[in-house]
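Novice: here's a sequence, model it:
(chains A, B, C and D)
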Number of protein chains: 2
Amino acid sequence: MKPKKATIHDIAKKLSITASTVSRALNNNPRISEATKKAVFKVAKDLNYQPNNIAAALRSGKSQLIGIIVPRINRSFFSSVIRGVEEVANTLGYGVIVSQSYEKIENEISVVNSLLNARVDGIMASIVDNKTENYEHYENVIKKGIPLVLFDRTTKEIETSQVVIDDYLGGYMVTEHLIKQGCKKIIHYTSDRTINIYKERYRGYIEALKDYNIPFNQSFVFKNNMLLDGGRDSTEKLLESGQKFDAIFSASDYAAAGAMQVMKEQNIKIPDDIALAGFSNEPFTSLTDPPLTTVSQFPIEMGQAAAELFFEILDSTKKKVIPQKTVLHPELIVRASSLKKGK
Amino acid sequence: MKPKKATIHDIAKKLSITASTVSRALNNNPRISEATKKAVFKVAKDLNYQPNNIAAALRSGKSQLIGIIVPRINRSFFSSVIRGVEEVANTLGYGVIVSQSYEKIENEISVVNSLLNARVDGIMASIVDNKTENYEHYENVIKKGIPLVLFDRTTKEIETSQVVIDDYLGGYMVTEHLIKQGCKKIIHYTSDRTINIYKERYRGYIEALKDYNIPFNQSFVFKNNMLLDGGRDSTEKLLESGQKFDAIFSASDYAAAGAMQVMKEQNIKIPDDIALAGFSNEPFTSLTDPPLTTVSQFPIEMGQAAAELFFEILDSTKKKVIPQKTVLHPELIVRASSLKKGK
DNA sequence: TCATAATATGCAATCGATTGCACAATGTTA
DNA sequence: TAACATTGTGCAATCGATTGCATATTATGA
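Specialist: Sure thing, here's the model as predicted:
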């Protein structure tokens, strides 16, 4: 009932040769004769031989595994990044271990540890927002000489290669687009936490206003949790405040969806009364009514880019690697939610 | 630049004891004195010792890793299932390796192989639709005595434990709901492939019609790829056909979204003219206008259930395990897209 | 024909943690 | 005080694949 798996020794015994020869034959070592190779492969197949990567990993110190840490996997953005990483990694014979931090620093520390125990050959991570600025666990990874690449949610506190999109530019493009639609009083929803990505989008918003000579108004900026209910919240407060406005740029698609719901409930027409735009190009944004203007972050490409940076570090065994930063270009996706008539 | 990691031997040397003692101390073996344990833990910490799971895995034959295979990770349903699995697995000290089959049998075969090479302690999979009925790779897994659990997309051809939701019941509930809303001519969109889940939903549809004495009409059934464009396609064909109908039950939320788009373009009012319902409770369904009636499949719970079945198999080392089947109860989520006025 | 080169394979150590068995030191009992 | 228990450690083998070095066999050249 438990058919013990065949090893190279079993193959060796069957052919009256040694395991070394079998190993070399399987690895297509030129020092082994064609005849022997052929015989080895045949017996391997007969015995249903399955190489034991663990043994090889122990010997070589390489597990051929990459650890990925994301806040949560069931977000289209992150799962798409992972997909991008996998595409590159699998081609090179690497597997991927996925871990989730659920936005909590304790979890992050513990999964970093588990990955190190599992002897991954490197780690790619989108970090959690962490007010205590505690990055020891990641610095520990670097200190151990294990390749580390950060993507999307990063910090300059950690000296390692990173991949981000130009969130500043994304924020700028959305704001500029709204301005060009004739909007002059543009509300901005941003995160109540201090993550790089939202800070940058906010900065883009401010700069675009400045460039078009529109005064910045602090009371136009609402902080929330960037989820659906946060967007609803802010929108209700906004409407109660009685402020006049003609557009909302939410740094998150989910919060934008919340805004859309509340406005519909109050019979505010989108985009005629208020133009609306989000950020991330989550799949649902093309399905809302009206479809939501947003910004694509090219998650698959981001994953691929991160994987490429990763393998660069991995390959440059010798010299100390200089941290690189890949910045992807975001793309404004204009949909009906922000298109004013006649424009 | 490459700080070679400390091993138990390093700790042993520092304390002038042997690696065996260190190993036992770290594992809290009662045969080791408290004093020695304390000393060992202290030195371990000083040396920044990180246990090498690979060595332990080789010795024990257990990698503490579970392989999960899904068609694609960037679907809310699958990523949520994975999340459910992780919750259980991590608690028990297991890690999870995620692989994607991209709906292709070749990929499926190859990832099963990679997982076996990585010496995962077991595999959980949602299989690809596979006309050739080629399940050798999975049978091979079972033959090797490696626990295998299938979820959602399964087949009875493979004799192993499974977790599914009662798709039949889900299909029945949706259809019944539409009937109770007064609909009599209910269109059904189903898959053009032969996956268990869609067949079951279809069967539920037929049974509900029968139970309510509504004649089944083959021309009311449309097969498509169950994606947005498939839904659009079928809806366009449906409208061109000139058939009268008062509801659409799509076995997929995405195809339902396609239907919604086409109907809006043609100024058909949902739900007043046509009631609409999907299946899966994808996150976007609550954001469409009108929000979409659908069926929740409880993906996180499905992941947990699958993990529990998995560990049952894993624990019952001795006796041959009898395949179990867990069937989860789906929940009808009624939203505006199917609510006729006055009902 | 003998020395040297080329070819094919074997030997044994190694990666790091675990564990059955042995054994020394101390304690306990009759 | 002899015989046996208990407690704490050490020894050495093991998991399976890899690899530097040694060795055996055959081929080549002078």
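
Novice: please enumerate the helices of the stretch 201-343 of chain A.
Specialist: Along the stretch 201-343 of chain A, counting by DSSP state H, counting those that start in this stretch, helices occupy A:228-241, A:253-265, A:299-315.

Novice: to chain B, which of those helices lies closest?
Specialist: helix A:253-265 (5.0 Å; Cβ to the nearest Cβ). Glycine gets a C-beta too; all of them are placed from N, C-alpha and C.

Novice: any chance of the helices of the stretch 201-343 of chain A in TSV with mean pLDDT and distance to B:Ala247 as columns?
Specialist: Shown next, in TSV, are those (pLDDT from 0 to 100; distance: least, Cβ to Cβ, whole Å):
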stretch	mean pLDDT	distance to B:Ala247
helix A:228-241	96	28
helix A:253-265	95	24
helix A:299-315	94	36
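
Novice: make CSV out of these and add mean neighbour count and distance to B:Gly303.
Specialist: As requested, those are exported to CSV (neighbours: other Cβ atoms under 10 Å in any protein chain shown; distance: least, Cβ to Cβ, whole Å):
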stretch, mean neighbour count, distance to B:Gly303
helix A:228-241, 18, 23
helix A:253-265, 23, 23
helix A:299-315, 21, 22
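
Novice: those helices: which one's closest to B:Thr288?
Specialist: helix A:253-265 (10.2 Å; Cβ to Cβ).

Novice: up against DNA strand D, what does the stretch 1-150 of chain A have?
Specialist: Neighbours of DNA strand D within the stretch 1-150 of chain A, by Cβ under 7 Å from any atom of the strand: A:4-5, A:7-9, A:19-20, A:23-24, A:26-27, A:49, A:51-52, A:55-56, A:58-60.

Novice: filter the residues you listed to the buried ones?
Specialist: Listed as buried from those are A:5, A:7-8, A:23-24, A:26, A:49, A:51-52, A:56, A:58; burial here means 16 or more other Cβ atoms under 10 Å in any protein chain shown.

Novice: could you dump these to JSON lines with secondary structure?
Specialist: Formatted as JSON lines, those follow (DSSP: H, G, I helix; E, B strand; the rest coil):
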{"residue": "A:Lys5", "secondary structure": "coil"}
{"residue": "A:Thr7", "secondary structure": "coil"}
{"residue": "A:Ile8", "secondary structure": "helix"}
{"residue": "A:Ser23", "secondary structure": "helix"}
{"residue": "A:Arg24", "secondary structure": "helix"}
{"residue": "A:Leu26", "secondary structure": "helix"}
{"residue": "A:Tyr49", "secondary structure": "coil"}
{"residue": "A:Pro51", "secondary structure": "coil"}
{"residue": "A:Asn52", "secondary structure": "coil"}
{"residue": "A:Ala56", "secondary structure": "helix"}
{"residue": "A:Leu58", "secondary structure": "helix"}
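
Novice: pLDDT weak spots in chain A?
Specialist: Scanning chain A with the threshold set as pLDDT under 70 gives A:1-4, A:317-320, A:342-343.

Novice: got the domain boundaries for it?
Specialist: A:8-51, A:60-165+A:299-329, A:167-296+A:332-338 (automatic domain parsing).

Novice: output stretch A:84-100 as PDB, restricted to C-alpha atoms.
Specialist: The C-alpha trace of stretch A:84-100 is given here as PDB (Å, rounded to 0.1, in the frame of the first residue of the first chain):
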ATOM      1  CA  GLY A  84       3.500  37.100 -13.800                       C
ATOM      2  CA  VAL A  85       6.200  35.900 -11.400                       C
ATOM      3  CA  GLU A  86       5.200  32.300 -12.100                       C
ATOM      4  CA  GLU A  87       5.400  32.700 -15.800                       C
ATOM      5  CA  VAL A  88       9.100  33.600 -15.500                       C
ATOM      6  CA  ALA A  89      10.000  31.400 -12.600                       C
ATOM      7  CA  ASN A  90       8.500  28.200 -14.000                       C
ATOM      8  CA  THR A  91      10.300  28.700 -17.300                       C
ATOM      9  CA  LEU A  92      13.500  28.700 -15.400                       C
ATOM     10  CA  GLY A  93      12.600  25.600 -13.400                       C
ATOM     11  CA  TYR A  94      11.700  27.400 -10.200                       C
ATOM     12  CA  GLY A  95       8.500  26.900  -8.100                       C
ATOM     13  CA  VAL A  96       6.700  29.500  -6.100                       C
ATOM     14  CA  ILE A  97       5.500  29.400  -2.500                       C
ATOM     15  CA  VAL A  98       2.800  31.900  -1.800                       C
ATOM     16  CA  SER A  99       2.300  33.400   1.600                       C
ATOM     17  CA  GLN A 100      -0.200  36.000   2.800                       C
END
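
Novice: residues of the stretch 201-343 of chain A that sit close to DNA strand C?
Specialist: Counting by Cβ under 7 Å from any atom of the strand, no residue of the stretch 201-343 of chain A is near DNA strand C.
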